[in-house]
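> Provided below for reference: sequence and predicted model.
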Amino acid sequence: MIKNKYLNWYLVGFTDAEGCFSISLKREKTTKFGWALDPVFQITQHKSNEKVLHFFKRQLHCGRIIEKSGQPNILVYLVDNRRQLVEKVIPFFKRYKLILKNNDFQKFTEIITDLENKLHSNKKTFIELIKKCFEMNLNGKQRKYELEFVLKNLKK
């Protein structure tokens, strides 16, 4: 078995290549402004590489491994529980620094911290959080909604 110290650095390198820190924007009629910010950390792999997903789950002491919807040969390790992100994932990646994904991780951490501090309950700071989401992951390149659409469709 790989020593924990080396395994942790392996997981950091793996995350830099294959991981994703993201904040989904979901339309939610029941929320104050009609949108919800949903943070998630995930690693997607072919089922033949399932072992590495179990390394993540064991080392971070959280998350779950699921089959990707509509793709039975693809598995996803994901942590979408905000408490687990705050207590397990963020401290791990603060200790073991990312290189390529560090900018996304920093924004991810800032957004989650602001959510924890309830800054999303004020419309002005909620808009700032949304804009920060669009600065992540290649400036929101793969987002379902454009920034302008989200901002136009905020509840009063």
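Nice, thanks for sending it over.

> dump the residue contacts of L60.
L60 makes contacts with 79, 88-89, 92, as judged by CB atoms under 8 Å, 6 or more residues apart in numbering. (Glycine included, C-beta is placed from N, CA and C.)

> redo that, cut-off 10 Å
8, 11, 41, 77, 79, 84-85, 87-89, 91-93 (CB atoms under 10 Å, 6 or more residues apart in numbering).

> now, these that are in helices?
Using DSSP state H, the subset of the contacts of L60 located in helices is 8, 11, 84, 91-93.

> give the PyMOL command for selecting the buried subset of those.
If you want just the buried ones from those in PyMOL, going by 16 or more other CB atoms under 10 Å, the selection is:
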select buried, resi 8+11+84+92+93
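
> farthest pair in the ones in helices among the contacts of L60?
Greatest spatial distance among those (CB to CB): N8 and Q84, at 17.3 Å.

> now do the top strand by length along the chain, average pLDDT.
Longest strand of the chain, by residue count under DSSP state E: strand 35-46. If you average the pLDDT over strand 35-46, you get 97.

> what comes up buried for it?
For strand 35-46, by 16+ other CB under 10 Å, it's 35, 37, 39-45.

> dump these into CSV; add distance to L53 as well.
CSV is the format used below for the buried residues of strand 35-46 (distance: CB to CB, whole Å):
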residue, distance to L53
W35, 30
L37, 25
P39, 19
V40, 15
F41, 12
Q42, 10
I43, 6
T44, 9
Q45, 6
